[in-house]
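In: need coordinates for the following:
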Amino acid sequence: MAVDIVTFGCRLNAFEAEVIRSKAEDAGLSDTIVINSCAVTNEAVAQARQSIRKLKRERPSARIVVTGCAAQTQSAMFADMIEVDRVVGNDDKMRGDTWRAARDAFDLGAGEKIAVSDIMAVKEMAPHLIDGYASGLPRVFVQVQNGCDHRCTFCIIPFGRGNSRSVPMGVVVEQVRTLAERGHAEIVLTGVDLTSYGTDLPGAPKLGMLTKQILRHVPELKRLRISSIDSIEADSDLLDAIAGDARLMPHLHLSLQSGDDMILKRMKRRHSRSDAIAFCDEVRRLRPDIVFGADIIAGFPTETEEMFSRSLDLVEACGLTFLHVFPYSPRPGTPAAKMPQVSGGAIKDRARRLRAAGEVALRQRLAAEIGATRNVLIEREGQGRTEHYLPVAIAREQVGSVVSRTIAGNDGERLTT
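Out: Modelled structure (predicted):
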C-alpha cells in the first residue's frame, strides 16, 4: 500500500504534502499514513489527534507518522500517543534522509520516536518542485517563502515554521516556467508570510519584484494568483503588477485579524484599522474589480462587544467578499494566552455573527456578477472558478481549460452560466 497523506491547515501544508509523499515513497515507505498537522488553533490540534485514533482503528497495520506545525511545537504530546510510530519536524519532513531514517527504524523495530530538529536554527530554504503534480492539474502551488519574523501575540506559527526564509527569485521563475510548460493553467505563490519575501536574499527583492519577474519571463503562464498577504507590507511593485497585468488574478486574501485599533495593538499587528481600509480603497482604485478575502479573529482577549463591532463592520468598510473566521484559541507559550480571556460563549457567538456577515457579503458579490463575462478555470467536472476565485457551476468542459462565460445567475453558493 502507498503512502497516504492527511493534511490539515493552510495552502502551504497542502503544497508540502505532495513533497512529503514524493520523499517518503522514494525512501521505500509503504502502508504508511502521514498526518500533516496544523497548530493555528486548539481545534486544529484536536482534529489531528482524533484523525490519528480513527485511522489507526481503520488500518491497524499501518504505520502513522505525524509532522507539520503541531508536531513541531508539541512533539512529545504526539509521541505519547500509542497510535503514533514517529514524529517528524517541519523542516525535517522536507528531507529525503528523514524518511529513509524512518524506514530503517520501522524495519528494525527500534530507534528514537521523535525526529524534530531546532526550527529556529534553519537559515536557508531548499526549493521544492513537485514532479508528482499530475499533468493538466488546473491549479498548482509554488512555495516561495517559509517562516515568519513577526511575533503576533496570538500566533504559535513562528515556533512551528521558524524565521522567514525565501527561495531565490531565479529559481522561482524557473519553477513557474516548468509548471506552465507542463500545462498547469494557474499557479499560486504560497508561503507563511508572503510579503516578507526576499528580506534574507541578496539585494532584498520584494514580493512585487518577484511577481513582475514571473509575469515578464513566463509569458506562457495563463494565471498567477497570490495567497494570503499582510497588507501593510505590500510594496509598490506588487500594486503596480495588480494594476497592470490581467494575468495576476484580481483576488487578494488579507491578514487583517481585527477591525479595532486597541485589539490590533494588543495582537502586535503592524497596521491600524484605517491602514486596512486605505489599502483596500487604493487597490480597488487600481483594479476596480478586485475581490478581497480576510482572516478575522473573533473573541481575542480583552475584546469588548464595542471592539468586536468594529471587526464586524470592517466587512463592509473594506468591501470583503470572503471571510475566514477564527474563534480565538489560546496557544500555550503565546503572550495572548496570559491576557484576560473572553468567555467561550461570547467567542462562539461573535464567530457566528462574523460568518453570517461573510455569507451576506458573498451572496451580494454573487448577485453582482450576473451579466458579467468571466474567464473560468475548470477545476473538476462540473465546477470552475472565475478570476476572482468565485465558484461556478459549469458542465461539459475539459478539466484544466480556461473558458469565457457570461454569468446568468447563482444558486446562493455558486455562479451559474
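In: quick check: closest non-adjacent residue to residue 279.
Out: Of all residues not flanking residue 279 in the chain, residue 231 sits nearest, at 4.3 Å (C-beta to C-beta, 6 or more residues apart in numbering). In this view, the C-beta of every residue, glycine as well, is placed from N, C-alpha and C.
In: show me the contacts for the one you found.
Out: 252, 254, 255, 256, 271, 275, 276, 279, 280 (C-beta atoms under 8 Å, 6 or more residues apart in numbering).
In: try 7 Å this time
Out: Residue 231 makes contact with 254, 271, 276, 279 under the criterion C-beta atoms under 7 Å, 6 or more residues apart in numbering.
In: wait, isn't residue 248 in contact with residue 240?
Out: No: counting by C-beta atoms under 7 Å, residue 248 does not reach residue 240; the two are 10.2 Å apart.
In: who's more crowded, the two?
Out: residue 248 (23 against 14; other C-beta atoms under 10 Å).
In: how far away is that one from residue 183?
Out: For residue 248, the distance to residue 183 equals 20 Å [C-beta to C-beta, to the nearest Å].
In: now do residue 311
Out: Distance of residue 311 to residue 183, given as C-beta to C-beta: 42 Å.
In: for those two, work out which one has more neighbours and name it.
Out: More crowded of residue 311 and residue 183, by other C-beta under 10 Å: residue 311, with 28 against 15.
In: which SS class is the more buried one?
Out: Here residue 311 is helix, with the state taken from DSSP: H, G, I helix; E, B strand; the rest coil.
In: who touches the residue nearest to it when sequence neighbours are not counted in this structure?
Out: Distance criterion C-beta to C-beta, 6+ apart; nearest residue to residue 311, sequence neighbours excluded, is residue 259 at 4.0 Å. Residues in contact with residue 259 (C-beta under 7 Å, 6+ apart) are 273, 310, 311, 313, 314.
In: out of those, which end up buried?
Out: Among these, the ones that count as buried by 16 or more other C-beta atoms under 10 Å are 273, 310, 311, 314.
In: give me the pLDDT for the first one.
Out: In this case it means residue 273. On pLDDT, residue 273 comes in at 98.
In: for it, give its distance to residue 232.
Out: Using C-beta to C-beta, we find residue 273 at a distance of 12 Å from residue 232.
In: before we move on, what about residue 127?
Out: Taking C-beta to C-beta, one finds residue 127 at 27 Å from residue 232.
In: also residue 56?
Out: Using C-beta to C-beta, residue 56 is found at 44 Å from residue 232.
In: settle it for me: which of those two has more neighbours?
Out: Remark: of residue 56 and residue 232, residue 56 carries more neighbours, 19 against 15, as counted by other C-beta under 10 Å.
In: right, and the more buried one touches residue 66 too?
Out: No: at 11.6 Å, residue 56 does not count as touching residue 66 under the criterion of C-beta under 7 Å.
In: low-scoring stretches of the chain, by residue?
Out: Within the chain, the segments meeting pLDDT under 70 span 1, 108-111, 128-136.
In: all helices for it, in order.
Out: Counting by DSSP state H, the chain has helices at residues 11-26, 42-58, 69-73, 75-79, 96-108, 157-161, 169-181, 207-217, 236-244, 261-267, 273-286, 305-312, 314-317, 344-368.
In: list the buried ones in the last one?
Out: Same thing as helix 344-368. For helix 344-368, the neighbour count (16+ other C-beta under 10 Å) marks 346-347, 349-351, 353-355, 357-358, 361-362, 365-366 as buried.
In: ditto for the shortest one
Out: By 16+ other C-beta under 10 Å, the buried positions in helix 314-317 come out as 314, 315, 317.
In: list of residues touching that helix?
Out: Contacts to helix 314-317, defined as C-beta under 7 Å, 6+ apart, come from residues 256, 259, 276, 277, 323, 357, 358, 361.
In: tell me who's in contact with the fifth one.
Out: The one in question is residue 323. Counting by C-beta under 7 Å, 6+ apart, residue 323 touches 293, 294, 296, 315, 354, 355, 357, 358, 361.
In: can the residues you listed go into TSV with extra columns for distance to residue 398?
Out: Formatted as TSV, those follow (distance: C-beta to C-beta, whole Å):
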residue	distance to residue 398
293	28
294	33
296	37
315	36
354	38
355	35
357	37
358	32
361	32
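In: so which of those residues is the closest to residue 60?
Out: residue 355 (38.1 Å; C-beta to C-beta).
In: the closest residue to that closest one other than its chain neighbours pairs with what?
Out: Nearest non-adjacent residue to residue 355, counting by C-beta to C-beta, 6+ apart: residue 325, 5.1 Å away. Counting by DSSP bridges, residue 325 is bridged to residue 296.
In: residue 325 contacts residue 351, doesn't it?
Out: Yes: the pair residue 325 / residue 351 is scored as a contact, 5.2 Å apart, by C-beta under 7 Å.
In: can you list the neighbours in contact with stretch 4-12?
Out: Applying C-beta under 7 Å, 6+ apart, the contact partners of stretch 4-12 are 13-14, 17, 20-21, 33-38, 40, 44, 47-48, 51, 69, 141, 143, 188, 190-192, 227.
In: buried sites along that stretch?
Out: Of all the residues in stretch 4-12, those buried under the rule 16+ other C-beta under 10 Å are 5, 6, 7, 8, 9, 10, 11, 12.
In: and for stretch 176-190?
Out: Neighbour counts over stretch 176-190 (16+ other C-beta under 10 Å) mark 176, 177, 179, 180, 184, 185, 186, 187, 188, 189, 190 as buried.
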